Structure formats: structure tokens, C-alpha cells
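Participant: Got a predicted model here, sequence first, then my questions.
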Amino acid sequence: MAISKEEFAKEEKILAKVQKLLNKTLEDLGESVSQGEENLTEFKKMIWENASSFDEAENMQAMSATSQEAEKVFQKQKYYQRLCQIKKKPYFASIVFKDDQGNIENIYMSLTYLKDQHLNNILYDWRSPICSLFYDYEIGPCAYEAPGGIYQGELKRKRQYKIENDQLLGVFDNSLNIDDEVLQEVLAEESSEKMKNVVNTIQQEQNKVIRNLEDNNLIVQGIAGSGKTTVALHRIAFLLYRLKQLTSNNILIFSPNNIFTEYISDVLPSLGESNTLQTTFNDYLSHFIKEYKDVESFSDFISRYYTYSEKNKELVTYKQSDAIIKDLDAYLDEYIKNCRYIESFTEGEVHKVNKEELNQWLHHKYDRLPLFERVEAIAQKLSETFYNGTRKKVKTFTKLLKEHANFEKDYKKIYENFWSSKYSKIGLSETEIKTFINREVIAYEDALLFSYIKGILEGFYYEANIKQVVIDEAQDYNRLQYIIITKIFQKADFTILGDINQNINPYYHYQSLQDLKDLLKGDTKYIELLKTYRSSPEIIAYTNKILNLNHVNAIRKETNKPVVFRKNIDNLKDNLLKDIQTLQQEYQSIAIITKDMEEAEKIYHILKKETSISLLDATSKNWNKKLVVLPAYIAKGLEFDSVIIYNDRKNSYRKNERNLLYVACTRAQHELYIYN
């Protein structure tokens, strides 16, 4: 609801005061940062010139002092950058809060804080405790929790601002109603090249995820367009604000592919935080598995299914199943139990090593370690025993231990033997086994099992520095992947986000993401997000029919633009060019989403001479959203103003491929065309 002219004039005066204070603060802080950098340089120079005259304690003290000074300068630089970010748009909302003592506070919310010369808050960081009232409450009784306790009172007003380039363009009073003017205006905007922050439109259900500090782990089931990824990134920004010992280097995001990583790369910087560490599960596999030339990508793995080129789906299904985890564990337990040193040996001329003692060490003294770490520990023990506590003969003893054992570190052979053992539930011939064992590029489904075997026998990489792990598109990871991840990041808390309706892994399905709870340490909370902010009601009505859903709640206002169907097309090129031209007159981004990469390449070659179309695959990084073609399984997490769904009539979506079609269609914000 727009405010009166008198109120608008008051808000203009407030904006002018804030801008004046902001400019003065930037000026003073700029001088302080510059002076601090000069002082730090001089300080370092002084220490360097006098280092030779310092004793060890003085050197340590000097290094500590330098580090402290550098941190002060860094924090000032960081705050200066944040203030520069908000210079043209200092704040986006305000609340009037009356506490139970009768005190009234007018809180203006921004991407960072701003204080006056008396250290009074003029702007509040949106992550501060009191600002949660804006997201969680309508006008009336309210409460918020801060480090000092729970503060109760009454929310007297909620107000949002449209400020561009120092100009106040609009002011709206609103309630919690998700149809408020600002939200609808944001939703009506065309999609941008990259994901943007949404601090001015965070909804109550999303805020519960973002600000949760009570639980170690969160599992979020969110429908398409519910803002799962956006929520995860804002949660990271919130945790960095509230947990003082947490830095961006302590957080790792697992993304589905490089396209998605690039797409979300601007969100945290726009919130004043550095980007976190990011990876894909394929990156981990490629880093850990050195026995093969390369690892098949997840997109190529599922492409085999959707292009019907996988000949043994029963075998792949077993390799992806929960059952094979138990079978592998039983096989490895027996393998380790049967590992022995079969001969005693002598190192040099006098150092006799008894096989009975070696086996006692192998199976008892060092049994807390993975098998091949036990061998390393035994080699160290022998070197220290025979060579006055030194480790100079570790390599020698390692070689001798290898020569006198009935086992060796040959993971290909160990994996191969599993398939011919009694533990495998599928009988395969030796030729069939060697077909996938002896490949140069290990298949994705084999890579998961291979990395698990290798991790159990020699230990998984342990990443103690990572304190928070975020996993997006969680439904596409099978249980074994989560077991591996939790073994690597043993000290981390997890935020896991996904949608079982968007599962594109045809070999593995969750009844609910709650099935992951037993794998996570500490308190774990399961939350559902059931409102979609991406697509129009017309598009949602169509996509609901694909999976027979009825709980998806569309927040966008109706566009009166029905889903368009193109069937029995005689001239594909002319029809596509005509529809593209029509959509380009109204929208900034158009995606043609195909069923597989082969069809994407076909469309690309049809249109590339007539348009500036881009072809995207899982490795794409820099790309333009104006007109792209990509397969559905690459489109996960992305959104476009308009989408054309194409598949050849001979390659239609089958009943068991409805989830892939659902993913493709739910990428559209405003208009959706269906070809064939």
C-alpha cells in the first residue's frame, strides 16, 4: 500500500540524512584505511629491519602484532567495500517496533550497518536479530531472540522502499501477505544473467531456514522455484555474520555442475561476503581416483539412460542401490580379515621381523586404522625400533612388508574380485567384469563404488577446516555419496536442499529426504518449502499435471499467457525462429531445453547461423542467457524468462521420465512453449 504525500516527504528527508552520513563515513573510513595501510607497511618494514636483534620471544610477539594490525586494516577495508555497495541504495525496508517497556525503535534495514558519531545504529544489517521481525511477523504482537534473550513487543509498521541511484522512487507499507507490491514487482522482473540476492523479499518460511541456529543440520525439501538455492546462500551469509569464528573458507558448497556454480557466483558478494569454496562430486572423484585416466561425469552417466544407450540397466541399478553398500562392507570385512603376513623376514643382517608379531600389529594393535594406513604405521614402528627412534628406513620396511604379505594395494583387482565373490548379488562372467574394470575412463556408477573401497582401505581425505557443507540438488545423490561425504567432513554441519520431484537420477529415488537423517550427527531438522516464486500460475498448473501434484502454491500473479503447444511441425527451423522472435520482443532470456545432448546439438546446428544461440553442457562456465539450448539434466537450478521444450517425436518422454520433463518445464518464469 502506497503512503501519503506527507509521509513520502518525511522519508525523502530521512534518506537525505542517511546519504549525508553515509558519504561522511565513507570519506573518513577511506582516509583511515589509507592511513592504516601506510602504518602497516611501516610497521612491517621496522620489524624486518630489526629482526636480527630480536630474540625468539620478541619475534613471536612482533609477528602476532603484525597479524593483529593486518586484521584491523582488512576489516576496515571490508566494511568500506560494503558501504560502497549500498551507496546508491542505502536501505530497502524499515520496521517500527514498540517493546514491552513502551520504547519505540524505528529500524532501517540494509545490507550492512551504519552508525552515527554517537555510535547509534542508523542502519541495521538485515541479519541482525531485530530485523527478523520484518520477515516473520505481521503488524501486531511479536518477539525476536538475541544474545541477551527474547525480546517481546508490538510491530507497529512494516515498510519497503524502492531506491535507485540515490532517488526514492516508491514507499510501500505492507503486512506478511506474500502478494505485497514489492514482491510482485520483483517476481515480474525478467531473469538476469546470474542469481541475485533477495533480502527485500525473503518470506517467512524461507527465513526459518536462513536464521536457524538451533539445529546442527537442516534438510530442506523445496518444490521447484521455492528458492532453495537462494535460501542456502542467504543462510551462508547469515552464518558468517552470526558465527564469529566462521569464514568463507570454512564453507563448502556442492553444486550440480559448473554452469550452476557460475550462475550463483554473484549472490554472496552482493551480500557483502566472499564466495565460499565450491565443488562438484565429480571433482572429488577425479581428485581421489588416480587409477583411471578420468571419471565419467554425472550428466554423461544419466545421458546413457535417457538416450537408451545403457545395455545393462539392472547392473547399474544394483551399483546405485543401498543394498550394494552392505554387500561391499561384508566383502571388505572378509578381505581385511584374510590379510596376512605370510613370512618372517630380515632387514639388513641382524634385524629379524617375526610374521606373528606383524599380524598381531596388523589385526590388533593398529586395527583402529584403515588397512593400508596400518601398513604405514607398522613400517614406521619397525624403523623406529631398529634405528634409534628415527624413520629413515620407513621406505625399506614398507617394501619388505609388501613383499611378504598376501595382499597388495591394487584397488582395481580388489574391486574386480568383489564382482566374482559370493557377496555380489549379480552373477557376471569374467569378460563382463573386465569390460567395466579395464576402461580408461571409469563409469560414474563404478567410480562411486571404487572410491568407497579405496576410502575404506586407505582412509578418506579428512577436511577438518570445513565447518559447514551445503549440498544442493540433494535428491540426485545416492546414499553411498552421503556416506562418503560425511566421512570426509566429520566435523561439519550440513544444509541439504533438494526436491524429490526433480530427481533426474533414474536409478535411485528417495521416498523422502528425511531418509538422510540417520547419516548426520547432531540435531537435524527437516523443513518443507511449498510455495513457488518462479513460474506463473498457468505454468504451474501444467507442470503439476506432469507429476500429479496438488500442493504446489504459485505466488506470481496470473499472466493470462497459457502454455503453448506446437505439434506435428512441418518446418522445425521456421517455427523455432518465429517463436524465438516473438519471445525476444518481450523477454531477455530464452532457453530451448531438450531431452538429451544429442537433440541440443541438433537444435544448435539448425539455429546457429540465424541466431546468436549458445550450446551449454556440464562444463560450460561463461555463457549468455539471451538464447541458449541445453539438455534438461543440465538445466537444474537455472531459470529463464521463457522456455521452449523440444524433443523429437521419435524420442518422446516416457512415463518413467516424467521427472526430467518436470525439471525442464519448471525452468520457465513467464512463458512456456511445448514442441512435440
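Facilitator: Nice, thanks for sending it over. Numbers count the residues shown, from 1 in each chain.
Participant: what residue ranges in the stretch 401-550 of the chain score low on pLDDT?
Facilitator: Segments of the stretch 401-550 of the chain classed as low confidence (criterion: pLDDT under 70) are not present in this model.
Participant: quick one: strands adjacent to the strand ranked longest in the chain?
Facilitator: Scanning the chain for the strand with the most residues, using DSSP state E, yields strand 149-164. If you go by DSSP bridges, strand 149-164 pairs up with strand 93-99 (antiparallel), strand 140-146 (antiparallel), strand 167-173 (antiparallel).
Participant: Using TSV, lay out those together with mean pLDDT.
Facilitator: As requested, those are arranged in TSV below (pLDDT from 0 to 100):
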stretch	mean pLDDT
strand 93-99	95
strand 140-146	94
strand 167-173	90
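Participant: and S512, how far is that from N503?
Facilitator: Using Cβ to Cβ, to the nearest Å, S512 is found at 12 Å from N503. Bear in mind the C-beta positions are built from the backbone N, C-alpha and C, glycine included.
Participant: Then D166?
Facilitator: In this structure, D166 and N503 are 47 Å apart, going by Cβ to Cβ.
Participant: Of the strands paired with strand 149-164, which stretch is the most buried?
Facilitator: Each of the strands paired with strand 149-164 was assessed for mean neighbour count using mean count of other Cβ atoms under 10 Å. The highest is strand 93-99, with a mean of 19.
Participant: and the helix or strand following that strand with strand 93-99, angle?
Facilitator: Downstream of strand 93-99, the next assigned helix or strand under DSSP states H and E is strand 104-110. Our comparison of strand 104-110 with strand 93-99, counting by axes from the mean of the first three to the mean of the last three Cα atoms, to 10 degrees, yields an angle of 150 degrees.
Participant: Quick one: distance of whatever helix or strand comes next after strand 104-110 to the chain centre.
Facilitator: Using DSSP H and E, the helix or strand that follows strand 104-110 towards the C-terminus is strand 114-115. Strand 114-115 sits 32 Å away from the centroid of its parent chain (Cα atoms, centre = their mean, to the nearest Å).
Participant: which residues are contacting strand 114-115?
Facilitator: With Cβ atoms under 8 Å, 6 or more residues apart in numbering as the test, strand 114-115 has contacts from 18, 21-22, 25, 83, 90, 121-123.
Participant: Okay, and which of those map to helices?
Facilitator: 18, 21-22, 25, 83 (DSSP state H).
Participant: if we can go back for a sec, distance to L155 for the strands paired with strand 149-164 - can I get that in a markdown table?
Facilitator: Shown next, in a markdown table, are the strands paired with strand 149-164 (distance: least, Cβ to Cβ, whole Å):
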| stretch | distance to L155 |
| --- | --- |
| strand 93-99 | 6 |
| strand 140-146 | 4 |
| strand 167-173 | 12 |
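Participant: Quick check: which of those is nearest to A70?
Facilitator: Relative to A70, the nearest member of those by Cβ to Cβ is strand 140-146, separated by 31.0 Å.
Participant: any idea of the mean pLDDT in stretch 333-348?
Facilitator: Mean per-residue pLDDT for stretch 333-348: 94.
Participant: Endpoint to endpoint, that stretch covers what distance?
Facilitator: Distance between the two ends of stretch 333-348: 35 Å, counting by Cα to Cα, to the nearest Å.
Participant: go on, stretch 487-494?
Facilitator: The first and final residues of stretch 487-494 sit 13 Å from each other (Cα to Cα).
Participant: Please state the offset of the longest strand of the chain from the chain centre?
Facilitator: 31 Å.
Participant: May I have it as PDB, with CA atoms only?
Facilitator: Output in PDB follows, covering the C-alpha atoms of strand 149-164 (Å, rounded to 0.1, in the frame of the first residue of the first chain):
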ATOM      1  CA  GLY A 149      17.400 -13.200  25.500                       C
ATOM      2  CA  ILE A 150      13.900 -13.000  24.000                       C
ATOM      3  CA  TYR A 151      12.500  -9.500  23.400                       C
ATOM      4  CA  GLN A 152       8.800  -9.100  23.100                       C
ATOM      5  CA  GLY A 153       6.700  -6.200  21.900                       C
ATOM      6  CA  GLU A 154       4.500  -5.000  19.100                       C
ATOM      7  CA  LEU A 155       5.300  -4.500  15.500                       C
ATOM      8  CA  LYS A 156       3.700  -1.100  14.600                       C
ATOM      9  CA  ARG A 157       4.700  -0.800  11.000                       C
ATOM     10  CA  LYS A 158       6.500  -2.600   8.100                       C
ATOM     11  CA  ARG A 159       7.600  -0.500   5.200                       C
ATOM     12  CA  GLN A 160       9.500  -1.200   2.000                       C
ATOM     13  CA  TYR A 161      11.400   1.200  -0.300                       C
ATOM     14  CA  LYS A 162      12.300   1.400  -3.900                       C
ATOM     15  CA  ILE A 163      15.500   3.400  -4.100                       C
ATOM     16  CA  GLU A 164      17.600   3.700  -7.300                       C
END
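Participant: surely I674 meets R566?
Facilitator: Yes. Between I674 and R566 a contact is recorded at 6.8 Å, counting by Cβ atoms under 8 Å.
Participant: all strands of the stretch 251-400 of the chain, in order?
Facilitator: Using DSSP state E, counting those that start in this stretch, the strands of the stretch 251-400 of the chain run over 251-254, 277-279, 294-295, 345-347, 351-353.
Participant: Then the stretch 451-600 of the chain?
Facilitator: Counting by DSSP E, counting those that start in this stretch, the segments of the stretch 451-600 of the chain that form strands are 468-471, 493-498, 524-529, 531-532, 553-554, 564-566, 590-594.
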